[in-house]
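[1] Below: sequence and its predicted model.
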Amino acid sequence: MENFALTPEEEKRLEELSTMAFDFARKNECLHLQTMIEAGLSANLKNHKGDSLLMLAAYHNALDCAQMLLQHGAKVDEKNDRGQTPLAGVCFKGHLEMAKLLVEHGANPDANNGLGMTPFTFALMFGRKEIATYLAEHSKKGFLKKIFAKIFKFFGKKSSA
């Protein structure tokens, strides 16, 4: 097998194209990003921080791009350099519909970042009651999270009364 190396010009162009792809993911410019994916760009491309295209789409609530990336094989629980999954980022930002999309595509609400934090604990920490309740209902760990879900539902009803 031959040794394959890019020229400096090719490396620069590849970096420019990658930057464009990450911007498309953030800004929900799905058609442009899909064109790049269908031309051969990996749906699991990562930036210098280890953030995948899906992580950036999820974090910026770019639902169309996230859906398209998942349909093209993006890894739903791919961690960045800080051990965070796209679902953890969504729990920080508070995007319920995005959380639902990720969970429906197999995201693990109990995925640990290596420091004992999970998407569920991020939702609790940042006061994302609706997301925490949803994740509790979809957790595989059960009992404690079910209790939290019931508490959130109870206090949610009292505060809206």
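    Happy to help now that I have it.

[2] I figured residue 84 was touching residue 113, is that so?
    Yes. Using Cβ atoms under 8 Å, residue 84 makes contact with residue 113 at a distance of 5.5 Å. (C-beta placed from N, C-alpha, C; glycine too.)

[3] Looking at those two, which is more packed in?
    Using other Cβ atoms under 10 Å, the more surrounded residue of residue 84 and residue 113 is residue 84, with 24 against 17.

[4] helix/strand/coil for that one?
    The three-state assignment at residue 84 reads coil, by DSSP: H, G, I helix; E, B strand; the rest coil.

[5] mind checking how far the residue most central in space within the chain is from residue 136?
    Geometric centre of the chain, nearest residue: residue 86, 2.1 Å, by Cα atoms, centre = their mean. Look at residue 86 and residue 136: by Cβ to Cβ, to the nearest Å, they are 19 Å apart.

[6] Equivalent analysis for residue 106, please.
    Residue 106 is 17 Å from residue 136, by Cβ to Cβ.

[7] swap in residue 34?
    Residue 34 sits 34 Å away from residue 136, going by Cβ to Cβ.
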